[in-house]
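**Q** Mind folding the following:
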Amino acid sequence: MKIIDLFNSKKPVVSFEIFPPKLDTPLDTIFDTLEKFKALGPDYISVTYGAGGSQKDRTIEISSNIKNSYNIESMAHLTCVGHSIEEIDYIVDSLIKNNVKNILALRGDPPADQPDFNFDNNGFKYASELISHIRKRNNDLCIAAAAYLEGHPECLKIKDDMINLKHKTDAGVDFLVTQLFFDNKLFYEFQERAAIVGIKCPVTAGIMPIFSSKIKAMTAKSGCSIPAKLVLMLDKYQDNPDDLLKAGIEYASIQIRDLVDNSVDGIHLYTMNRPKSSAEIIKNCGLL
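**A** Model (predicted):
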């Protein structure tokens, strides 16, 4: 099934994001986790892609297992970084062969050890080019793309970023997944801007629960702002990881309940491969 069909039949569409284990860790470890996620009844599960395409084979295998062994719709991340057009075609064909019909098309991050990475050396430089290529070559796939509520870190003006996002959706996007955010006002303001530029596809809200103080580094990288009340919470519990986890679960639950009350198209939970904490959030929000 194509995920866009879910958006056409229910609201909200509830999804989880997981990431492959490190290359020196057995792949079986993620399948034990998937059993626990399956019990929560997600509409689909997405599988991330290592920087520079470092885990592409694992992404393909895990996505395939989610769909074919766990009977859950899966969405595989795919990036431009580090791939020629021929390699991208091979990856897409491999996904199709394994019955995976949903792709999150991204530009992607360069490898951490290559600060001077040249995007011009890829088959495609921008996600919009990747989306256009996949759409022209395989019109039967469902293609998602990323949206930045506060603008892409490399784009200085929100207005320009919205124009770029419109180009991306026009290239063949079925729905959008937002990057993490901690203030729902940002999401509602984004919805208004998207409507003004003519973006009409569903937008699912990407929610990153605060599971540890590492969230500060993640937000710095993504360009996501942290509200004052959240800074106070992080400072209050910085020496007590268990209480920080509880507070983070409650914060995410409040966010999600408000979004659902305001008819959000979808909730995409960045689970960090934590089924127990994810289950608490889903139960708190009445989405189990």
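
**Q** Looking at Val81 now. What's its pLDDT?
**A** Reading off the confidence values, Val81 has pLDDT 83.

**Q** Actually, Phe190.
**A** Phe190 is assigned 97 on the pLDDT scale.

**Q** give the contact list for Ile215.
**A** Neighbour list for Ile215: Met208, Ile226, Leu234, Gly248 [criterion: C-beta atoms under 8 Å, 6 or more residues apart in numbering]. The way it works is simple: take the backbone N, C-alpha and C, and place the C-beta from them, glycine included.

**Q** I'd like those laid out as CSV, including secondary structure and distance to Pro275.
**A** Written out in CSV, the entries for the contacts of Ile215 read as follows (DSSP: H, G, I helix; E, B strand; the rest coil; distance: C-beta to C-beta, whole Å):
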residue, secondary structure, distance to Pro275
Met208, coil, 16
Ile226, coil, 26
Leu234, helix, 24
Gly248, helix, 16
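
**Q** Farthest pair within those?
**A** Among these, the pair separated by the greatest distance (C-beta to C-beta) is Met208 and Leu234, at 13.3 Å.

**Q** more neighbours, the two?
**A** Met208 (23 against 18; other C-beta atoms under 10 Å).

**Q** Do you have the helices of the stretch 151-288 of the chain handy? List them.
**A** Defined through DSSP state H, counting those that start in this stretch, the helices belonging to the stretch 151-288 of the chain, from first to last, are 158-170, 184-197, 215-222, 228-236, 241-261, 275-284.

**Q** Point out where the stretch 51-200 of the chain drops to low pLDDT.
**A** 51-54, 110-115, 117-120 (pLDDT under 70).

**Q** how about the strands in it?
**A** Assigned by DSSP state E, counting those that start in this stretch, the strands in the stretch 51-200 of the chain fall at 73-79, 102-106, 142-147, 175-178.

**Q** For Asn164, find the nearest of the ones you listed.
**A** Taking C-beta to C-beta as the criterion, strand 142-147 is the member of the strands of the stretch 51-200 of the chain that comes nearest to Asn164, at 10.5 Å.

**Q** what helices or strands is the closest one leaning on?
**A** Using 3 or more C-beta pairs under 8 Å, 6 or more residues apart in numbering; DSSP states H and E as the contact definition, the elements that strand 142-147 packs against are helix 3-7, strand 102-106, helix 127-137, helix 158-170, strand 175-178.

**Q** C-terminal to the first one, which secondary structure element comes first?
**A** Of the helices and strands lying after helix 3-7 in sequence (DSSP states H and E), the nearest is strand 13-18.

**Q** quick revisit: most tightly surrounded among the helices and strands packed on strand 142-147?
**A** Counting by mean count of other C-beta atoms under 10 Å, strand 102-106 has the highest mean neighbour count of the helices and strands packed on strand 142-147, with a mean of 25.

**Q** which other helices and strands contact that one?
**A** The helices and strands touching strand 102-106, judged by 3+ C-beta pairs under 8 Å, 6+ apart, are strand 73-79, helix 127-137, strand 142-147.

**Q** can you redo the ones you listed as TSV with distance to Asp242?
**A** TSV is the format used below for these (distance: least, C-beta to C-beta, whole Å):
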stretch	distance to Asp242
strand 73-79	31
helix 127-137	39
strand 142-147	32
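
**Q** Can you check which of the ones you listed gets nearest to Ser46?
**A** Ranking the helices and strands packed on strand 102-106 by their distance to Ser46 (criterion: C-beta to C-beta) puts strand 73-79 first, at 4.1 Å.

**Q** Check what contacts the closest one and list those residues.
**A** Residues from elsewhere that reach strand 73-79 (C-beta under 8 Å, 6+ apart): 1, 3, 6, 15, 43-49, 53, 59-60, 62-64, 66-67, 88, 91-92, 95, 100, 102-109, 130, 134, 142, 144.

**Q** hmm, try it at 6 Å
**A** Under the criterion C-beta atoms under 6 Å, 6 or more residues apart in numbering, residues 1, 44-49, 59, 63, 66-67, 95, 100, 102-106, 108 lie in contact with strand 73-79.

**Q** Repeat that for stretch 135-144.
**A** 2-4, 101-105, 131, 172-175, 177.

**Q** Tell me the one of those nearest Leu23?
**A** The closest of the contacts of stretch 135-144 to Leu23 turns out to be Leu104 (C-beta to C-beta; 21.1 Å).

**Q** So what pairs up with that closest one in the strands?
**A** His77, Ala144 (DSSP bridges).
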